[in-house]
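Visitor: Starting from these lines, generate the structure:
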Amino acid sequence: MRILAISDQIHPFIHQARFPGNLPAFDLVLAAGDLPGSYLEFVATKVAVPVVYVHGNHKEEYAQDYLGNLSPPGGVLPAHGRILEVAGLRIAGWGGAPRYNNRDFGQYNEAEAKTRFYSWLPILGPRRLRQGHAVDILLTHAPPPGPHAGADFAHRGSQALELFHKLYRPRLHVHGHVHLYEAQPQREYVTPEGVRVVNAFEYTLIELEP
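Guide: Okay, the predicted model is just below:
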């Protein structure tokens, strides 16, 4: 199957009238955070496939009405802190980034995240033992430690997500948060645990065996 992954920055190739006809057909959209709610709603109204998202660390995903009231974006499936069955795949979601200042939204304590992931053992453990992969996809905003982690403290790799890899071996980890502005950006790599990690910055198409 083919997945459209997006994050962090509106891209004119997606936000246009010809979308999604200007892309090869895809079966699922994954949004990895820091995208405006209006953009997520635009994508959801243009495609005939599920759109799954996690929030980033800047509170952009909330849609705002003319009175200034904020509400979650419509037409999309929130995945943060949840395990979803979508398009024949099991998806675990975790939004935000490891805490780097005292803001009250979009950041998490690593110990709290690890506790939550351990709490999923009764749900995910049996499949991990039977099939080797407890989930097909881990969708997060922050990256794990490794090649995609940023050089600054706010964009460091999340130790809790590294723990998730070790516990549940997702086939694919899609994240955002780190922008690909370098001359030769590394879009994806495979961890020592065999987890395929893809940075969804702006947009990318991912082929995944069903």
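Visitor: Can you get me a residue count around the nearest residue to residue 116 once chain neighbours are set aside?
Guide: In this structure, residue 116 finds its nearest non-sequential neighbour in residue 81, 6.7 Å apart by Cβ to Cβ, 6 or more residues apart in numbering. C-betas here are computed from N, CA, C, even on glycine. As a burial measure, residue 81 scores 14 neighbours (other Cβ atoms under 10 Å).
Visitor: which ones are touching residue 6?
Guide: 14, 29, 30, 31, 32, 35, 43, 200, 202, 203 (Cβ atoms under 8 Å, 6 or more residues apart in numbering).
Visitor: wait, which of those residues is closest to residue 157?
Guide: The nearest member of the contacts of residue 6 to residue 157, counting by Cβ to Cβ, is residue 32 at 14.6 Å.
Visitor: how close does that closest one get to residue 67?
Guide: 29 Å (Cβ to Cβ, to the nearest Å).
Visitor: ok, these two, which is more surrounded?
Guide: Higher neighbour count among residue 32 and residue 67: residue 32, with 31 against 5, using other Cβ under 10 Å.
Visitor: if I pick that one, what's in contact with it?
Guide: Per Cβ under 8 Å, 6+ apart, neighbours of residue 32: 5-8, 53-54, 56, 139-141, 174-177, 200.
Visitor: List buried residues within the residues you listed.
Guide: Neighbour-count burial (16 or more other Cβ atoms under 10 Å) is assigned, among the contacts of residue 32, to 5-8, 53-54, 56, 139-141, 174-177, 200.
Visitor: List just the nearest of those to residue 112.
Guide: residue 140 (14.7 Å).
Visitor: Got the phi and psi for the closest one?
Guide: Note on residue 140: backbone dihedrals following degrees, to the nearest 10 are phi -140, psi 170.
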